[in-house]
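Asks: dropping the sequence and predicted coords here.
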Amino acid sequence: MHKIVSSVVLTALASSLALAYPAHAAGKQTAQAATVKEAPLRAHLAFLASDALEGRGTGQRGGELTVTYLETQAAAIGLQPVNNGSFRQPVKIAGVRSLPQKSSIGIVAGGQQLPLQFGSDWVWGPGDAQADHTLDAELVFVGYGIDAPEEGWSDFKDQDLKGKVLVMMVNDPKPTAAEPKRFNGEGLTYYGRWTYKLEEAARQGAAGVLLIHTDASASYGWSVVQNSWANAERFQLAEGKLGTGLQGWMTDATARKLFAAGGQDLDKLRAAAEDKNFKPVVLNARVKGEARAEVRTLNEFNVAGVVPGTDPKLKDEVVIYSAHWDHMGKQGTEGDTIFNGAVDNASGTAALLAMAQEAVRNPAKRSQMFLWVAAEEQGLLGSAAYATKPLWPIEKTVANLNLDSLNFVGLVKDVSTPGSERTDLGAMAAATARNMGMTIAPARPDLAGGYFRSDHFSFAKAGVPAFSVGAGSSWVKDVEASAAKRKAYGPRYHQANDEYDPSWDLSGMVQQAQFTLNLGRMVADSPKAPQWKAGDPFGKARTAAK
């Protein structure tokens, strides 16, 4: 049905909105510089964050309305569809709800059944989009569950772990006096992210994986895990490289009971796992029983439009600007049930529309794609699907600049570019900032693995130089009040009160969008495409692609 609705809406609204984009409507390009305007950005932001779009939830009516709005706007602006005449790229997704009341799965350790309560002691679900699994699998502790040749590190030591359920710690090995820079020192590497752990378990051929949660190692409390795994529908890709049959978490207290019941000391094994000579330890325990879940499959959509390049050769290459359009949708039945996601990420979604409007009027030598991806809140699913089946060849994609949760406070003197230093984009970002009278915000240790938690990372894993452009924090005016306003957003993150406020000063958001467009234009016009710095692990994927 969406195709019929979209066609009607596209035809009607594209005609009515042509007046908003006179350069496009007249079929002309102007020589005016690409200057992001506040008025369209604010209008898009207000609508995208309104109750009318119901929080832009994955698999919900609000998500479908959002996709229709984006493709309508893309057509009105004058972007060219990329996917065989369509602005949509289907993303096949599985929605999963674990059914503990219909399951018999449990853990037997030391010959005794552990008394485990789903939600409070552990959570689990399928990682392969299949509803039913029967397990009788040995548990094996594999430390951090890392295989990192460049660090000379393997927690698996070539052992055959097929059909096992792997128990892993979150985060990565701590730096030592002898090796202060191992695994990026204080900063987190991708090997420390729980998403990597699930991926590696599948590569090892495991039947399942259980992660040990602590607040310190995960950087959030057990309630966050509960809300995602026990209290809501989870989403995962339904095709391509899928996960293990069982995925889940256990509390630290549960892990201690499990290890002790099997005759092991968790603290001693944790200490042993800090050494690169650690080997997997078979636990005197098994996962046994039926694990059942409710699974549905659906198509969500990325939305993509292109401004063709002007150079006869360079136009075959593309710079991609991205932002995720989804948020948490409608949840619950009482109180405010709409999670509007104004900052996260109606702001980035709206900014891309305002940027695209200007790019159409002033194309660059390379082509420029504006990509709104689906299901970021579910684990970067839309961008991961795009990187697997790109609409533009990955080897001809020279950069990805991502926007997520923009500055709604006011003008700043600096801009944050974490991860840009991995590639030539770092120097180009610094030059862009100087040209705008700004500076690059000082780098900070990436303690929570922020570089691996936004959509640009899907491109980085595919070898594309990529990072997310962040808001700075050196405020131009009302420094203390501005800092307090920004800090006050923290409790609203992923809550129903992340709502648009008409009184917001959007000058900083326009500034952030302009910086991103300027940087993208510099990349698009440069004779040489940006490269990864020597030795960066993600640069190897770029070499392989070429």
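Replies: Nice, I can see it.
Asks: all the helices of the stretch 251-400 of the chain, in order from the start?
Replies: Counting by DSSP state H, counting those that start in this stretch, the segments of the stretch 251-400 of the chain that form helices are 252-261, 266-272, 347-361, 381-388.
Asks: which of these sits closest to residue 464?
Replies: helix 381-388 (8.0 Å; Cβ to Cβ). Every residue, glycine included, has its C-beta placed from N, CA and C.
Asks: tell me the buried residues in the closest one?
Replies: Using 16 or more other Cβ atoms under 10 Å as the test for burial, helix 381-388 gives 381, 382, 383, 384, 385, 386, 387.
Asks: what's the answer for stretch 475-485, then?
Replies: Under 16+ other Cβ under 10 Å, the buried positions of stretch 475-485 are 475, 482, 485.
Asks: list the contacts of it.
Replies: 409, 410, 411, 412, 413, 473 (Cβ atoms under 8 Å, 6 or more residues apart in numbering).
Asks: grab the CA positions of it and hand them over as CSV.
Replies: Listed next in CSV are the C-alpha coordinates belonging to stretch 475-485 (Å, rounded to 0.1, in the frame of the first residue of the first chain):
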residue,chain,number,x,y,z
TRP,A,475,29.8,28.9,23.4
VAL,A,476,29.9,32.3,21.8
LYS,A,477,27.5,33.9,24.2
ASP,A,478,25.9,33.1,27.6
VAL,A,479,28.5,30.5,28.3
GLU,A,480,27.2,29.2,31.6
ALA,A,481,23.6,29.3,30.6
SER,A,482,24.4,27.6,27.3
ALA,A,483,26.4,24.9,29.0
ALA,A,484,23.6,24.3,31.5
LYS,A,485,21.1,24.1,28.7
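Asks: and that stretch, how far out from the chain's middle?
Replies: Here the centre of stretch 475-485 is set off from its chain's centre by 29 Å, with Cα atoms, centre = their mean, to the nearest Å.
Asks: where does the prediction get shaky in this structure?
Replies: Applying pLDDT under 70 to the chain flags residues 1-32, 541-546.
Asks: between the buried residues of helix 381-388, which sits nearest residue 514?
Replies: Nearest member of those to residue 514, counting by Cβ to Cβ, is residue 383, at 23.3 Å.
Asks: just to revisit the earlier point, could you work out the most separated pair of the contacts of stretch 475-485?
Replies: 409 and 413 (12.9 Å).
Asks: rewinding a little: between the helices of the stretch 251-400 of the chain, which gets nearest to residue 525?
Replies: Across the helices of the stretch 251-400 of the chain, the minimum distance to residue 525, taken as Cβ to Cβ, is reached by helix 347-361, at 12.3 Å.
Asks: other SSEs contacting that closest one?
Replies: helix 22-25, helix 38-48, helix 61-77, strand 281-307, strand 318-324, strand 367-373, helix 507-525 (3 or more Cβ pairs under 8 Å, 6 or more residues apart in numbering; DSSP states H and E).
Asks: how about TSV for these, with distance to residue 461 added?
Replies: What follows is the helices and strands packed on helix 347-361, written out as TSV (distance: least, Cβ to Cβ, whole Å):
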stretch	distance to residue 461
helix 22-25	35
helix 38-48	28
helix 61-77	25
strand 281-307	17
strand 318-324	14
strand 367-373	14
helix 507-525	19
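Asks: take those and lay them out in JSON lines including mean neighbour count.
Replies: Output for the helices and strands packed on helix 347-361, formatted as JSON lines (neighbours: other Cβ atoms under 10 Å):
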{"stretch": "helix 22-25", "mean neighbour count": "16"}
{"stretch": "helix 38-48", "mean neighbour count": "19"}
{"stretch": "helix 61-77", "mean neighbour count": "23"}
{"stretch": "strand 281-307", "mean neighbour count": "20"}
{"stretch": "strand 318-324", "mean neighbour count": "28"}
{"stretch": "strand 367-373", "mean neighbour count": "27"}
{"stretch": "helix 507-525", "mean neighbour count": "23"}
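Asks: so which of these gets nearest residue 129?
Replies: Short answer: strand 281-307, nearest of the helices and strands packed on helix 347-361 by Cβ to Cβ, at 6.0 Å.
Asks: give me the sheet partners of the closest one and which way each runs.
Replies: Here strand 281-307 has these sheet partners by DSSP bridges: strand 80-81 (antiparallel), strand 88-98 (antiparallel), strand 106-109 (antiparallel), strand 132-141 (antiparallel), strand 367-373 (antiparallel).
Asks: one step back: which one's more surrounded, residue 409 and residue 413?
Replies: residue 409 (25 against 14; other Cβ atoms under 10 Å).
Asks: nearest residue to residue 359 in space, please, no chain neighbours.
Replies: residue 307 (4.8 Å; Cβ to Cβ, 6 or more residues apart in numbering).
Asks: ok, now which ones touch that neighbour?
Replies: 79, 80, 356, 359, 360, 363, 364, 367, 368, 369, 370.
Asks: any idea which of these is closest to residue 221?
Replies: Comparing the contacts of residue 307 against residue 221 with Cβ to Cβ places residue 370 closest, at 36.7 Å.
Asks: what's opposite that closest one in the beta bridge?
Replies: Counting by DSSP bridges, the residues bridging with residue 370 are residue 305, residue 321.
Asks: roughly how far apart are it and residue 403?
Replies: From residue 370 over to residue 403 the distance is 11 Å, taken as Cβ to Cβ, to the nearest Å.
Asks: overlap in contacts, those two.
Replies: With Cβ under 8 Å, 6+ apart as the test, residue 370 and residue 403 both reach 321, 352.
Asks: rebuild the contacts of residue 307 as a markdown table, extending it with distance to residue 449.
Replies: Output for the contacts of residue 307, formatted as a markdown table (distance: Cβ to Cβ, whole Å):
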| residue | distance to residue 449 |
| --- | --- |
| 79 | 33 |
| 80 | 36 |
| 356 | 30 |
| 359 | 31 |
| 360 | 36 |
| 363 | 36 |
| 364 | 33 |
| 367 | 32 |
| 368 | 29 |
| 369 | 27 |
| 370 | 27 |
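Asks: and the closest residue to residue 92 other than its chain neighbours, backbone torsions?
Replies: In space, not counting the residues next to it along the chain, residue 92 is nearest to residue 238; the distance is 4.5 Å by Cβ to Cβ, 6+ apart. Main-chain dihedrals, residue 238, degrees, to the nearest 10: phi -100, psi 0.
Asks: picking that back up, the strands paired with strand 281-307: which one's closest to residue 301?
Replies: When the strands paired with strand 281-307 are compared by Cβ to Cβ, strand 88-98 sits nearest residue 301, at 4.4 Å.
Asks: so how far is residue 126 from residue 204?
Replies: Using Cβ to Cβ, residue 204 is found at 17 Å from residue 126.
Asks: ok, these two, which is more surrounded?
Replies: Comparing residue 204 with residue 126 by other Cβ under 10 Å, the one with more neighbours is residue 126, at 26 against 22.
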